[in-house]
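[1] fold the stuff below for me.
(one chain, ligands or ions: 1)
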Amino acid sequence: MDARYLLARLNSIEHHYEKQIQSTGEKLTPMMVAAALSGLEKSAYLLARYVWCQDETVYSELLSEVEQMVQGLALSEEWCGFAAEEKIQALSALALRYFQHRSLCKACSGTGIVKITSCPQCFGSGKQRLTHSVLANAVGVHRSNWLRSWNEKFNLVLAVLSEWEEEACGHIQKQLCA
Ligand SMILES: [Zn+2]
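    Take a look at the predicted model:
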């Protein structure tokens, strides 16, 4: 689902949509997103503003939402040795930045499919993955440590962020059908 497409339809500016995709200058405004997402849960709303309009003003509020979510995961998933506040903070910030900057997988052009099967590069997600070394470096641990105790948790956090984004997309779709 493309958020820009949904918002364009909601705002009845379909004819500008192609132009929006082609030019990098035109962006969604936080006001457009705010209007389309009123009534949505705070976490999903803040994420949509941050990811769809690169609105840095919501970053710290959103980050604390993500940290609360990660803390909840650490408890429910029993992440031994991961209760330290600095680890929760590092994982939250990395996941959030990664989520915002993830770009389309070059191998499948974001479709997630190559020759009718799931793309081997991105495992069907359609998004380009950073290497484990880069991610390990970002939180200041060795690659083997990243693989042993960070990578799985990182993917879980990303999955929750994807759910939040889907909630935001679903909210707009509901309004389109109303
Ligand atoms: Zn791919």
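[2] quick check: residues of the protein near the ion?
    Cys105, Ala107, Cys108, Cys119, Gln121, Cys122 (Cβ under 5 Å from the ion). C-beta coordinates here come from the backbone N, C-alpha and C atoms, glycine included.
[3] next one: stretch 106-123 to chain centre, how far?
    Here the centre of mass of C-alpha atoms in stretch 106-123, compared against the chain's by Cα atoms, centre = their mean, to the nearest Å, lies 19 Å away.
[4] which residues touch that stretch?
    Contacts to stretch 106-123, defined as Cβ atoms under 8 Å, 6 or more residues apart in numbering, come from residues Leu104, Cys105, Gly124, Ser125, Gly126, Lys127, Gln128, Arg129.
[5] residues touching the first one, list them.
    The contact partners of Leu104, taken as Cβ under 8 Å, 6+ apart, are Gly110, Gly126, Lys127, Gln128.
[6] try it again with 10 Å
    By Cβ atoms under 10 Å, 6 or more residues apart in numbering, the contact list for Leu104 reads Gly110, Thr111, Gly112, Cys122, Gly126, Lys127, Gln128.
[7] mind checking the SS state of the fourth one?
    Going back to what we said before, that points to Cys122. Under DSSP: H, G, I helix; E, B strand; the rest coil, the three-state class of Cys122 is coil.
[8] good, wrapping up.
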